[in-house]
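Trainee: Just to be clear, the model below is a prediction. Sequence and coordinates:
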Amino acid sequence: MLRSPKTSLMFLIFLSISLLYIHLSKLRDEQETLDHSSHSPQMLIRTGSNVPNLAHVTRSGSAISPALRMTPYPKCDEECRQVARLNRRIDCRAIIEGDPKALSSAERYLDEHPKLAAPERVLRPTGCRPYRTNPFYRRTANSPDEERFPIAYSIVAHRKPAQLERLVRAIYWPQNVYCVHVDRKADSNLAQFVANLVTCLPNVIMAEREVVVYGGYTRLKADLNCMSALLRHSARWRYVINLTGEEYPLKTNRELVEILRIYNGSNDVEGTSTQVTNMFSSRYVNRWRVDRLRGVMKMVRGSHHPPPPDNITLVKGSTFGVFSRPFVEFVLTDSTVTRFLAWLEDVWSPDELFWSTLNSGYRNPGLGAPGSYGPPPESKLWLAKYVSWSPKDPCRGRRVRGICVFSSADLALLVARKELFANKFYIERDYVALHCLEQWIHNRTSVQSDGQMTGFDYQFYKQMSHVRSGE
């Protein structure tokens, strides 16, 4: 049917207005994307909170670090657009303060956008340009004190390259050194991503790979492989912190340096000797072997495991800790430790006995491990990692095998903790939590580049029992 001239004119006017609106909307979105780009990382934490404020503020009221403000890519990629959408919809300051409306808004956003696409550098890990242009991979130290105090990291990863990338960029500084152990059972995408990291970043190395079995010796061996590689690296790091790919820092690098300087060579290792005999004796009085078909640890029926060599007294602890360089050198070279490691090969979860036993100068004074703890191990507060194990501990996320997987609703608790890292997060379940923590860490880092350590509790760490016992 033919339109009348009047109808055609109205149609053309309507079409022109629509196209103009679309064009203007596109320009607005592009500007917002550049304002909120991950290549110009910014904070949504404003004054009035207990978090330091930045002086540099955009017209939208969000703060940008001048030190990390860089020329954005000519064309914003999908990661950049996702961050722009997040920043328009999510108020990280309010979430960190526990505001119910902001948390409800975050939940709705996650319902609408349940998946966060991985960055291109993770999906197709070829070439180093993304690391040269992304400001989270810093080119210089944040302060002279940090440059003089390099930290080493041992990261054991078996899945989720996108989440591992979030962790690496959160803790990355050029003076530090990072070792990643990739489980030999892991998807090839993870190995390719880590291999590209190693190619592009000179202070990232990959350890000799093990088939990691839950509860088995290879879980401990993965960390030992990394620590051996870290000692061979040219960086003169002072401490090593071991992590998994599902953790996230609760402290900036500057704060970590200040804490480790206060530690002054002492280790931060969890320990209790009472639980070993009362609750965990089945782990070591019988022999355990890997069931090759099922890929799990299995107790050998009718077997008997002899007591530890050299009259070593077992102490139960955690897989994770903060270890001084002399302690790591001792662990990898001492003959008594070598015999103890051989004994642990037939034990269930030896990683939860190894570090704590060696670090207990109270139970094993003859070992003489550097930085070990002299008083009873139960008297020490452990700060290497915050893990919500107990049903009495707050958990607004969900529990998986008894451990809380933190959500956005847990951030108000986490940012007030004294521990160095938190375990664990699932990026596929609540990526808003990591997004807001990343902003919070970046905000504090930017302030501390000017030497301000507002809100850092020096006295708390100086009064730690393992610090005072080493004086």
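Mentor: Thanks, I have the structure now.

Trainee: Report how many residues lie close to Arg294.
Mentor: Neighbours of Arg294 under the rule other C-beta atoms under 10 Å: 9. Heads up, the C-betas are built off the backbone N, CA and C, glycines and all.

Trainee: Before we move on, what's the pLDDT of it?
Mentor: Looking at Arg294, its pLDDT is 77.

Trainee: With Arg301 instead?
Mentor: pLDDT recorded at Arg301 is 77.

Trainee: okay, now it: neighbour count?
Mentor: Neighbour tally, Arg301, other C-beta under 10 Å: 7.

Trainee: Wait, a helix at it?
Mentor: No: secondary structure assignment places Arg301 outside any helix; it is coil (DSSP: H, G, I helix; E, B strand; the rest coil).

Trainee: Phi and psi next, for it.
Mentor: phi -60, psi 140 (degrees, to the nearest 10).

Trainee: next one: Phe323
Mentor: Backbone torsions for Phe323, taken as degrees, to the nearest 10, come to phi -120, psi 130.

Trainee: Surely it touches Ser356?
Mentor: No: assessed by C-beta atoms under 8 Å, Phe323 is found out of contact with Ser356, at 11.7 Å.

Trainee: Surely Gly317 touches Ser356?
Mentor: Yes: using C-beta under 8 Å, Gly317 is in contact with Ser356, at 2.5 Å.

Trainee: Common neighbours of these two, please.
Mentor: Counting by C-beta atoms under 8 Å, 6 or more residues apart in numbering, the contacts common to Gly317 and Ser356 are Val269, Glu270, Gly271, Thr272, Pro377.

Trainee: Below-threshold pLDDT in this protein: ranges please.
Mentor: 1-77, 275-280, 468-471 (pLDDT under 70).

Trainee: Mind splitting it into its structural domains?
Mentor: Per automatic domain parsing, the structural domains of the chain span 18-117, 118-407+422-471.

Trainee: Could you pick out the buried ones from the shared contacts of Gly317 and Ser356?
Mentor: For the shared contacts of Gly317 and Ser356, a burial check counting by 16 or more other C-beta atoms under 10 Å picks out Val269, Glu270, Gly271, Thr272, Pro377.

Trainee: Closest to Glu258 out of those residues?
Mentor: Val269 (19.9 Å; C-beta to C-beta).

Trainee: I'd like to know how far that closest one sits from Glu78.
Mentor: Distance, Val269 to Glu78, by C-beta to C-beta, to the nearest Å: 42 Å.

Trainee: hmm, back to that, CSV for the domains of the chain, including distance to Val415?
Mentor: As requested, the domains of the chain are exported to CSV (distance: least, C-beta to C-beta, whole Å):
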stretch, distance to Val415
domain 18-117, 6
domain 118-407+422-471, 6
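
Trainee: Can you say which of the ones you listed is packed in most?
Mentor: The highest mean neighbour count among these, using mean count of other C-beta atoms under 10 Å, belongs to domain 118-407+422-471: a mean of 19.

Trainee: tell me what the strand or helix carrying Asp223 is packed against?
Mentor: Assigned by DSSP states H and E, Asp223 falls within helix 217-232. Identification of packing neighbours for helix 217-232 by 3 or more C-beta pairs under 8 Å, 6 or more residues apart in numbering; DSSP states H and E yields strand 151-157, strand 177-182, strand 239-244, helix 325-333, helix 335-344, helix 351-359.

Trainee: Mind picking the two most distant members of the shared contacts of Gly317 and Ser356?
Mentor: Spatially, the most separated pair among the shared contacts of Gly317 and Ser356 is Val269 and Thr272, at 11.2 Å (C-beta to C-beta).

Trainee: okay, and the common contacts of the two?
Mentor: Gly317, Ser356.

Trainee: Which parts of the stretch 101-250 of the chain are helices?
Mentor: According to DSSP state H, counting those that start in this stretch, the stretch 101-250 of the chain carries its helices in the segments 120-123, 129-133, 144-147, 161-171, 188-200, 217-232.

Trainee: Adding distance to Leu293, write these out as CSV.
Mentor: Formatted as CSV, the helices of the stretch 101-250 of the chain follow (distance: least, C-beta to C-beta, whole Å):
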stretch, distance to Leu293
helix 120-123, 33
helix 129-133, 41
helix 144-147, 49
helix 161-171, 28
helix 188-200, 23
helix 217-232, 17
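
Trainee: Minimum distance to Ile96: which of those has it?
Mentor: helix 161-171 (15.7 Å).

Trainee: how about the nearest residue to Arg236, chain neighbours excluded?
Mentor: Leaving aside its sequence neighbours, Arg236 sits nearest to Pro150 (C-beta to C-beta, 6 or more residues apart in numbering; 6.6 Å).

Trainee: What are the neighbouring residues in contact with that neighbour?
Mentor: Pro150 makes contact with Gln175, Asn176, Val177, Ala235, Arg236, Trp237, Arg238, according to C-beta under 8 Å, 6+ apart.

Trainee: can I get the CA coordinates of stretch 449-460 in CSV?
Mentor: This file holds the C-alpha atoms of stretch 449-460, laid out as CSV (Å, rounded to 0.1, in the frame of the first residue of the first chain):
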residue,chain,number,x,y,z
SER,A,449,51.5,6.1,46.9
ASP,A,450,51.8,9.5,48.6
GLY,A,451,53.0,7.9,51.9
GLN,A,452,49.6,8.1,53.7
MET,A,453,48.9,5.0,55.8
THR,A,454,45.5,6.1,57.1
GLY,A,455,43.7,3.5,59.1
PHE,A,456,46.6,1.0,59.2
ASP,A,457,46.9,-0.5,62.7
TYR,A,458,50.7,-0.8,63.3
GLN,A,459,50.2,-1.5,67.0
PHE,A,460,48.0,-4.5,66.4
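
Trainee: orientation of the helix holding Asp223 relative to strand 177-182 in degrees?
Mentor: Helix 217-232 and strand 177-182 are oriented at 150 degrees to each other (axes from the mean of the first three to the mean of the last three C-alpha atoms, to 10 degrees).

Trainee: And helix 217-232, how far out from the chain middle?
Mentor: Mean-position distance between helix 217-232 and its chain equals 18 Å (C-alpha atoms, centre = their mean, to the nearest Å).

Trainee: before we move on, what about stretch 227-234?
Mentor: Centroid displacement of stretch 227-234 relative to its chain, using C-alpha atoms, centre = their mean, is 20 Å.

Trainee: now swap in stretch 248-266 and tell me
Mentor: Distance of stretch 248-266 from the chain centroid (C-alpha atoms, centre = their mean) equals 14 Å.

Trainee: And stretch 259-268, by the same measure?
Mentor: 20 Å.

Trainee: same thing with stretch 87-105?
Mentor: Distance, centroid of stretch 87-105 to centroid of chain: 22 Å (C-alpha atoms, centre = their mean).

Trainee: Just the CA trace of that stretch, in CSV.
Mentor: This file holds the C-alpha atoms of stretch 87-105, laid out as CSV (Å, rounded to 0.1, in the frame of the first residue of the first chain):
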residue,chain,number,x,y,z
ASN,A,87,30.0,0.9,37.5
ARG,A,88,26.7,2.3,36.3
ARG,A,89,24.6,-0.2,38.2
ILE,A,90,26.8,-1.1,41.2
ASP,A,91,27.7,1.1,44.1
CYS,A,92,30.7,-0.5,45.6
ARG,A,93,31.0,2.0,48.4
ALA,A,94,27.5,1.2,49.6
ILE,A,95,28.1,-2.5,49.2
ILE,A,96,31.3,-2.4,51.3
GLU,A,97,29.4,-0.5,54.0
GLY,A,98,26.7,-3.2,53.9
ASP,A,99,23.9,-1.1,52.6
PRO,A,100,20.8,-3.4,52.1
LYS,A,101,19.6,-1.5,49.0
ALA,A,102,23.0,-1.7,47.3
LEU,A,103,23.3,-5.4,48.1
SER,A,104,19.8,-6.0,46.7
SER,A,105,20.7,-4.1,43.5
